[in-house]
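Enquirer: Sequence unavailable; structure follows:
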């Protein structure tokens, strides 16, 4: 337990928040995954495709 830097109370609070905010947690995880892919793995072709998706989504949101 000495190596664990998160207290039992904090772990319990985190678990409670996760259970109460499943949709928000899912949103944050997906956003993080997308950012990581774009910054670390995407090829030029991937980036061009993503730009098209972003433009399409912006058009949907601006209607």
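Expert: Arrived safely. All values derive from a computational prediction rather than experimental measurement.
Enquirer: Give me the distance from the helix or strand hosting residue 16 to the chain's centre.
Expert: If you go by DSSP states H and E, residue 16 is part of helix 8-20. In terms of Cα atoms, centre = their mean, to the nearest Å, the centre of helix 8-20 is found 19 Å from the chain centre.
Enquirer: Identify the residues contacting that helix?
Expert: 6, 25 (Cβ atoms under 8 Å, 6 or more residues apart in numbering). Heads up, the C-betas are built off the backbone N, CA and C, glycines and all.
Enquirer: Looking at it now, give me its mean pLDDT.
Expert: In this model, helix 8-20 has a mean pLDDT of 97.
Enquirer: and if you look at stretch 43-56?
Expert: What stretch 43-56 shows for mean pLDDT is 98.
Enquirer: between the helix or strand following the helix holding residue 16 and helix 8-20, what angle do the directions make?
Expert: Of the helices and strands lying after helix 8-20 in sequence (DSSP H and E), the nearest is helix 22-40. When axes from the mean of the first three to the mean of the last three Cα atoms, to 10 degrees is applied, the directions of helix 22-40 and helix 8-20 differ by 100 degrees.
Enquirer: so what does the following helix or strand past helix 22-40 touch, helix or strand wise?
Expert: Next helix or strand after helix 22-40 toward the C-terminus (DSSP H and E): helix 44-61. Identification of packing neighbours for helix 44-61 by 3 or more Cβ pairs under 8 Å, 6 or more residues apart in numbering; DSSP states H and E yields helix 22-40.
Enquirer: Would you pull up how far the helix it packs on lies from the middle of the chain?
Expert: 2 Å.
Enquirer: So that it lines up with my notes, have the first residue be 18 from now on.
Expert: Shifting the count to begin at 18 puts that one at helix 39-57.
Enquirer: Does anything pack onto that helix? Which helices or strands?
Expert: Looks like helix 39-57 contacts helix 61-78 (3+ Cβ pairs under 8 Å, 6+ apart).
Enquirer: The helix it packs on: how far from the chain's middle?
Expert: With Cα atoms, centre = their mean, you get 18 Å for helix 61-78.
Enquirer: ok, now stretch 69-80?
Expert: So, by Cα atoms, centre = their mean, the centroid of stretch 69-80 is 19 Å from its chain's centroid.
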